[in-house]
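Asker: got a predicted structure here, sequence first:
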6 protein chains.
Amino acid sequence: MERIDKRRNTDLRPVSFQCGFQSHPAGSVLVTFGGTRVVCAVSVEDAVPRWMKEQGKSGGWITAEYQMLPSATETRTEREAVRGKLSGRSSEIQRLIGRSLRAAVDLEKLPGMTFHIDCDVIDADGGTRCASITGASVALELAAKKLMAEGKLTEWPLLNRVAAVSVGLLQGEGLLDLCYVEDSAADVDMNVIMTDAGRFVELQGSGEEATFGDDDLTTLLGLAKKGLKEIFALQEAAIKSYKI
Amino acid sequence: MERIDKRRNTDLRPVSFQCGFQSHPAGSVLVTFGGTRVVCAVSVEDAVPRWMKEQGKSGGWITAEYQMLPSATETRTEREAVRGKLSGRSSEIQRLIGRSLRAAVDLEKLPGMTFHIDCDVIDADGGTRCASITGASVALELAAKKLMAEGKLTEWPLLNRVAAVSVGLLQGEGLLDLCYVEDSAADVDMNVIMTDAGRFVELQGSGEEATFGDDDLTTLLGLAKKGLKEIFALQEAAIKSYKI
Amino acid sequence: MERIDKRRNTDLRPVSFQCGFQSHPAGSVLVTFGGTRVVCAVSVEDAVPRWMKEQGKSGGWITAEYQMLPSATETRTEREAVRGKLSGRSSEIQRLIGRSLRAAVDLEKLPGMTFHIDCDVIDADGGTRCASITGASVALELAAKKLMAEGKLTEWPLLNRVAAVSVGLLQGEGLLDLCYVEDSAADVDMNVIMTDAGRFVELQGSGEEATFGDDDLTTLLGLAKKGLKEIFALQEAAIKSYKI
Amino acid sequence: MERIDKRRNTDLRPVSFQCGFQSHPAGSVLVTFGGTRVVCAVSVEDAVPRWMKEQGKSGGWITAEYQMLPSATETRTEREAVRGKLSGRSSEIQRLIGRSLRAAVDLEKLPGMTFHIDCDVIDADGGTRCASITGASVALELAAKKLMAEGKLTEWPLLNRVAAVSVGLLQGEGLLDLCYVEDSAADVDMNVIMTDAGRFVELQGSGEEATFGDDDLTTLLGLAKKGLKEIFALQEAAIKSYKI
Amino acid sequence: MERIDKRRNTDLRPVSFQCGFQSHPAGSVLVTFGGTRVVCAVSVEDAVPRWMKEQGKSGGWITAEYQMLPSATETRTEREAVRGKLSGRSSEIQRLIGRSLRAAVDLEKLPGMTFHIDCDVIDADGGTRCASITGASVALELAAKKLMAEGKLTEWPLLNRVAAVSVGLLQGEGLLDLCYVEDSAADVDMNVIMTDAGRFVELQGSGEEATFGDDDLTTLLGLAKKGLKEIFALQEAAIKSYKI
Amino acid sequence: MERIDKRRNTDLRPVSFQCGFQSHPAGSVLVTFGGTRVVCAVSVEDAVPRWMKEQGKSGGWITAEYQMLPSATETRTEREAVRGKLSGRSSEIQRLIGRSLRAAVDLEKLPGMTFHIDCDVIDADGGTRCASITGASVALELAAKKLMAEGKLTEWPLLNRVAAVSVGLLQGEGLLDLCYVEDSAADVDMNVIMTDAGRFVELQGSGEEATFGDDDLTTLLGLAKKGLKEIFALQEAAIKSYKI
């Protein structure tokens, strides 16, 4: 089986990061995974959510929001602000992004602050949640650097970098980094989120109208680790080459 | 470490099924996982969602909704109908329930029908999404039996039974079937959904403020499989002993 | 005219109370009026509504919410949390429940507290608002007992028990405790809420496409009083036999 | 006890009807009960609600909506369109208005039509729901006359006129037609809706923090009937003197 | 071309003001522009919006809301409180009303107060936003007078009177004060809001499916000024002749 | 007075167009006005709005939606999809964009189609509505070209190009193309939308807490025309140099 864009099963799509994409947020990146492009921004608020105050919790918080521009999809998607509510899909994705980033940060070192991660999809071609998490990790690091430089943070809060990639089973073959056409046809779809220390942050495997066995799981996790290693190297390079 | 209810790490809580709990739906079960109790109902509608008609898709559909009674939790939870929208958590859980059940059904054999699964939590003590999926599989089977008996279905639509259980890591130990107190304290929480043929339907592992390694994954999956085997036996017994 | 379930016109359906149905709320009852079953819970919050603070009102408050499980009705009912708002019917019923219970309580003796009554209908076969009020009175008493035992209340706050029953005119005959089929066909429908001291709390008589005269009113009130007397005896027995 | 506006307990406030208050609707009245003023309009749509079509029901339908101008109350009331939803109070009142008017009309004689009743309160000083029903009955009759004249209705659809009045118990005395100050202080409040043939349409008696006995009921119904008789005479006069 | 109501192109419709139309608000006017009638009310709240406090802004605030009664239009308009949100049109108009009135008031002289302007359209026949602004200016002046008399305001806050009128191009001719039929057919529609000192407050010219040139602009502004001069005289007379 | 970015009063900020910014929509542009950047997309749907069908209107339709990324502003803006409704500001702007573009198109030449314009603000530094209209005109032309090339349109539908610019009065001086800081401080703010044939499409002048005279109007219109002439040249160049 040949992939639609001629990649080998174990190839990522071209992945890149345009740091400092927006002018206002503390950290901002336009992340590209092939035809998928997402603006990831980190805005810092000098306050924590009410529930933290009520529970007397110290430290800070990280929360995420995810949305697609209506024009990001092949057929225009109705705007959620017009429908008056977030779709279940968006809600699920933004909860995942928030959890994933919090797992890699020492929240005690963001005292009294909320970091708002905004992931807005410019072009969608599969893997938007993985691109969002991967870009958000970069934006978060840029924001942390900026706040350290300004003296607003006094200790480095990031424990790890985080990245995510999708893998899937299609016609019995394991594929790395599915594009939209592949994703729609896949029997099994798995999103693997890891730290650059090689540990899992989240693992979400799902067979909408299929199931998978232990051996499939092994194959898929192997593919994901291979791809994530490459993505971590690209994150590293992007951050190093960007002067705030 | 001793568990709060004296169970061994590899023990399930008492699991039971009260079939025929409600009078109107085609299938209805009150499922119990220790202190967690969920009413699972399957109501059958003689129509398919609009998007299926628009896409010219044959067969039927299965969809799920999940909610907690406000009084199901230790501190009363605000009613989602009063807030005017589903929480992100409910939305995510009901999407999971729907996907999990669809994976075990041949939708072509539900021609022109929608099966509505309603999971309403009476008492919440951890693992409500797993109890919901496990109970929904039983309610679905009861509904299918009833419709076969009435001649409304002509072919048996269920490919497998489905069940789910939560496993987690707490202070370095793997635990089966976490109650609420354990779940709140766990470093890693994983929901494993399988068919009675021993294949994965969904796998959702998450470390909110922690990460996990390959060995942890192996431990957790082992625990889950052990628990699910016992649950499938209890499902079997409950269904066999219930006369429609 | 023979009633669908062979009852005489002056007969109640079997009425029963399963006290302590849920594990978390201060008081909880599953009340049954024939085919109608409602979970009634009372959860206690250590705060009063904002409007009470703003108006400098002393004492506490009692408020109620009412909803049906979607699977409680013969044809599945759309979930109000999904529609994003309470139906007019639910809103009207929960206002009635709240008013009825407040009329039987000395709110000054609930200092700084809100008692949340949640009535969730498991099975609907007519008379759900009457069953809700009747069950809520029992749940409220269980909650008050528990709080007295814990020393959180220092004076007994309940002035009376409250119960409700529906009566109606169908083909010229007065009927006690209408089931759904009767209710749908009735010309006049009246809900009578009284205290166990024999006084009215609420009286709601309505002829959707009919009217009624003074003599009909006399007949209906007589039937209601007869039924309520029996219900008060059942409440008494249920509460006496339940150890908190 | 002297009433705030010097009326005797058995006196109505000045009641009047300004027919043809608006220019567009088929029937329109500005009804006044003392300091309470409500615009009641009837607009006719050449279609019936979807549920009527789905149920194959013949005839037409009457539905009502009720709202207060924010500036109608002593302290400005927040606009429901801004809050994004109807209050429970408005929802309950408009359901009552709709039921009351439908009880007095032969819906079969409104073939394929929906009559929309809009009651918008200009000034609120107690009894707005009763003024609304009373005014709506006049507006409905004006609309029916107009449609008969235009040949859009072929048979006279109104069975009766309908009117409503509030009565209440305050410091042990029965009062007719309560103004806002009296209504706020009343122990028991009852809305009585009758036809001009002397039959009950709706009866809603309620003691928010009090109860009432049989004798109170007798007193209140007597007062209501006295007041309604006078109101029917005023309706008659207003309609007679208005040329469409 | 003859206008539908025989007016000359440079004629206003009959404009009048019924001061003190409602009983509760500090200022209230029923303003009439031909077939268009709007209730304009000013209610005073002893608090400022939260954003003013947060920004440490001194003085007071004026805000406006605009809505049509459903029965105000030839074909009944759906109620915005029922749809659950304000239409874009209403939202735009009420923002315009608020801005226009604020431009004519010294907000520093309303210390700690919010003036709520409510414009509710009774009958709509074109020009409702202009009538609303024109009436609101009168209601505001009545409210200011009342508060000065009561000593709640210590300095006169109004800098100017404000009025508005619509002008348009129809079949190449400039028309003053368009009624609904003219407005619907006009190629260009312009709302001109001025102070009685002859200065512009707002200018909104729009050609939905047409454009206009400099000469058209000159014509339209000339017409508007002519009409506004007459309206200011009528405002003056109405206010002078009304005793609070 | 020196402008914050050293421009002369009659200078535009750097204006540019990145055509083909997104991959899916028929036309897409990233438009830049200094620090303001907006993604403008045109997606084509093969259907018209329901109201057009109901009114039997021929041709097609153009509608617009406008939103800011939360991270587009200096202080993060709350997401409208999370608040559950569009702000009044967004609603007003998108209505303006839609009207402005429709004025320059022959809708009869878009038979049975809806052109959805989406303007999503990446960076906001004043003048976002003007940038949106200006970019939307380019995106619309790109989309029309594409559809002509594909044979989906048979006649060229665009009558004119459209562009917009803001002008304002600050400390008595007229300024062209205000940035955010200038806009916030301006006494009078005017948005001028014209066709490249030199005719007005919309004119919106507003003094929030100020007013303006005839001479100011003349000054502001002169500045706007000067700026628009330059913008039309840049539009022309951008479109010419872009190969679809």
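Answerer: Done, it's in. Numbering: from 1, shown residues only, chains lettered A, B, ... in the order given.
Asker: A:Lys229: which element?
Answerer: helix A:214-240 (DSSP states H and E).
Asker: okay, the angle between that helix and helix B:214-240?
Answerer: With axes from the mean of the first three to the mean of the last three C-alpha atoms, to 10 degrees as the basis, helix A:214-240 and helix B:214-240 are set at 140 degrees to each other.
Asker: from A:Arg37, how far out is A:Cys14?
Answerer: No, residue A:14 isn't Cys; it's Pro. In this structure, A:Pro14 and A:Arg37 are 11 Å apart, going by C-beta to C-beta, to the nearest Å. (Each C-beta comes from the backbone N, C-alpha and C, glycine too.)
Asker: quick one, which of those two is more surrounded?
Answerer: Ranked by neighbour count (other C-beta atoms under 10 Å in any protein chain shown), A:Pro14 and A:Arg37 place A:Arg37 first, with 24 against 10.
Asker: which helix or which strand is home to the more buried one?
Answerer: Secondary structure from DSSP H and E places A:Arg37 in strand A:36-45.
Asker: same check, this time on A:Ala81
Answerer: Using DSSP H and E, A:Ala81 maps to helix A:80-83.
Asker: what about that helix, distance to the chain center?
Answerer: On the basis of C-alpha atoms, centre = their mean, to the nearest Å, helix A:80-83 is displaced by 23 Å from the centre of the chain it belongs to.
Asker: tell me which residues in it are buried?
Answerer: A:80-82 (16 or more other C-beta atoms under 10 Å in any protein chain shown).
Asker: let me know the angle separating the strand holding A:Arg37 from strand F:36-45.
Answerer: Between the direction of strand A:36-45 and that of strand F:36-45, the angle (the same axes, to 10 degrees) works out to 140 degrees.
Asker: anything in strand A:36-45 near chain F?
Answerer: Yes: under the criterion of C-beta under 8 Å from any C-beta of the partner chain, strand A:36-45 makes contact with chain F via A:39, A:41, A:43, A:45.
Asker: can you tell me how far the second one is from F:Pro70?
Answerer: With the distance defined as C-beta to C-beta, A:Ala41 ends up 8 Å from F:Pro70.
Asker: again, but for the third one
Answerer: Shown here: A:Ser43 relative to F:Pro70, a distance of 7 Å by C-beta to C-beta.
Asker: between those two, who's got more neighbours?
Answerer: Higher neighbour count among A:Ser43 and F:Pro70: A:Ser43, with 24 against 21, using other C-beta under 10 Å.
Asker: residue boundaries of the helices in chain A?
Answerer: In chain A, the segments counted as helices under DSSP state H are A:50-54, A:80-83, A:88-102, A:128-149, A:180-185, A:214-240.
Asker: lowest-scoring secondary structure element of chain A by mean pLDDT?
Answerer: Least confident helix or strand, chain A: helix A:80-83 with a mean of 86, by mean pLDDT, DSSP states H and E.
Asker: mind giving me the packing neighbours of it?
Answerer: Contacting helix A:80-83 under the criterion 3 or more C-beta pairs under 8 Å, 6 or more residues apart in numbering or on different chains; DSSP states H and E are the following elements: helix F:80-83.
Asker: tell me how many other residues crowd the residue of chain A found nearest chain E.
Answerer: The minimum distance from chain A to chain E, using C-beta to the nearest C-beta, falls at A:Gly84 (7.1 Å). Using other C-beta under 10 Å as the criterion, A:Gly84 is surrounded by 18 other residues.
Asker: could you find the closest non-adjacent residue to it?
Answerer: The shortest distance from A:Gly84 to any residue other than its chain neighbours is 5.1 Å, reached at F:Gly84 (C-beta to C-beta, 6 or more residues apart in numbering or on different chains).
Asker: same question for A:Glu74.
Answerer: Leaving aside its sequence neighbours, A:Glu74 sits nearest to F:His24 (C-beta to C-beta, 6+ apart; 5.1 Å).
Asker: ok, that neighbour touching A:Pro70?
Answerer: No: counting by C-beta atoms under 8 Å, A:Pro70 is not a contact partner of F:His24; they are 10.0 Å apart.
Asker: give me the common contacts of those two.
Answerer: Between them, F:His24 and A:Pro70 have F:Ser43 as joint contacts when contacts are counted by C-beta atoms under 8 Å, 6 or more residues apart in numbering or on different chains.
Asker: in chain A, which residue sits closest to chain C?
Answerer: Residue nearest to chain C within chain A: A:Lys85 (7.1 Å; C-beta to the nearest C-beta).
Asker: returning to that earlier point: between the helices of chain A, which gets the lowest average pLDDT?
Answerer: The stretch with the lowest mean pLDDT among the helices of chain A is helix A:80-83, which comes in at a mean of 86.
Asker: who's in contact with that one?
Answerer: The contact list for helix A:80-83 (C-beta under 8 Å, 6+ apart) reads A:67, A:86-87, A:90, F:65, F:67, F:79-81, F:83, F:85-86, F:90.
Asker: is any residue of stretch A:123-135 near chain B?
Answerer: No: using C-beta under 8 Å from any C-beta, no contact is recorded between stretch A:123-135 and chain B, whose separation bottoms out at 12.8 Å.
Asker: so what's the gap between that stretch and the chain middle?
Answerer: Using C-alpha atoms, centre = their mean, the offset of stretch A:123-135 from its chain centre is 6 Å.
Asker: that stretch near chain F at all?
Answerer: Yes: using C-beta under 8 Å from any C-beta, a contact is recorded between stretch A:123-135 and chain F, made by A:123-125.
Asker: what residues does chain A put near chain B?
Answerer: Taking C-beta under 8 Å from any C-beta as the criterion, the contact residues of chain A with chain B come out as A:85-86, A:88-89, A:91-92, A:94-95, A:99, A:102-104, A:107, A:160, A:190, A:194-195, A:197-214, A:216-217, A:221.
Asker: can you narrow the residues you listed to ones near chain F?
Answerer: Among the residues of chain A next to chain B, the ones lying close to chain F by the criterion of C-beta under 8 Å from any C-beta are A:85-86.
Asker: which residues of chain A lie near chain F?
Answerer: A:21-25, A:28, A:35, A:39, A:41, A:43, A:45, A:65, A:67, A:69-74, A:76, A:79-82, A:84-86, A:90, A:116, A:118, A:120, A:122-125.
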